[in-house]
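Visitor: sequence below, structure please.
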Amino acid sequence: MRCGFCGHEFAEEEGNVGCKNCPMSGGCKMIKCPRCNYENPPEPALVKGLKKLFKREK
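Guide: Presented below is the predicted three-dimensional model:
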């Protein structure tokens, strides 16, 4: 995924999980950039699938 603030590309697993005290059910789903700590929404499954598809072709 790409950070919306600094543009750093990282895997979702590398990012820090957002706050766990959000009033949203199940806690916050945001993922913090490991470089700047900006909270980004998780990538939709469609985007992940397309990335995997194009990664295989290279």
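
Visitor: list the beta-bridge partners for Glu9.
Guide: As for beta bridges, Glu9 partners with Arg2 under DSSP bridges.

Visitor: would you agree it is in contact with Gly15?
Guide: No: counting by C-beta atoms under 8 Å, Glu9 sits too far from Gly15 to count as a contact (11.0 Å). Yep, even glycine has a C-beta here, placed from its N, CA and C like the rest.

Visitor: between the two, which is the more surrounded one?
Guide: The neighbour count for Glu9 versus Gly15, taken as other C-beta atoms under 10 Å, is higher for Gly15 (22 against 10).

Visitor: how far away is that one from Tyr38?
Guide: Using C-beta to C-beta, to the nearest Å, Gly15 is found at 10 Å from Tyr38.

Visitor: rewinding a little: need the overlap of contacts for Glu9 and Gly15.
Guide: Shared contacts of Glu9 and Gly15 (C-beta atoms under 8 Å, 6 or more residues apart in numbering): Met1.

Visitor: returning to that earlier point: shared neighbours, Gly15 and Tyr38?
Guide: Common neighbours of Gly15 and Tyr38, using C-beta under 8 Å, 6+ apart, are Lys32.
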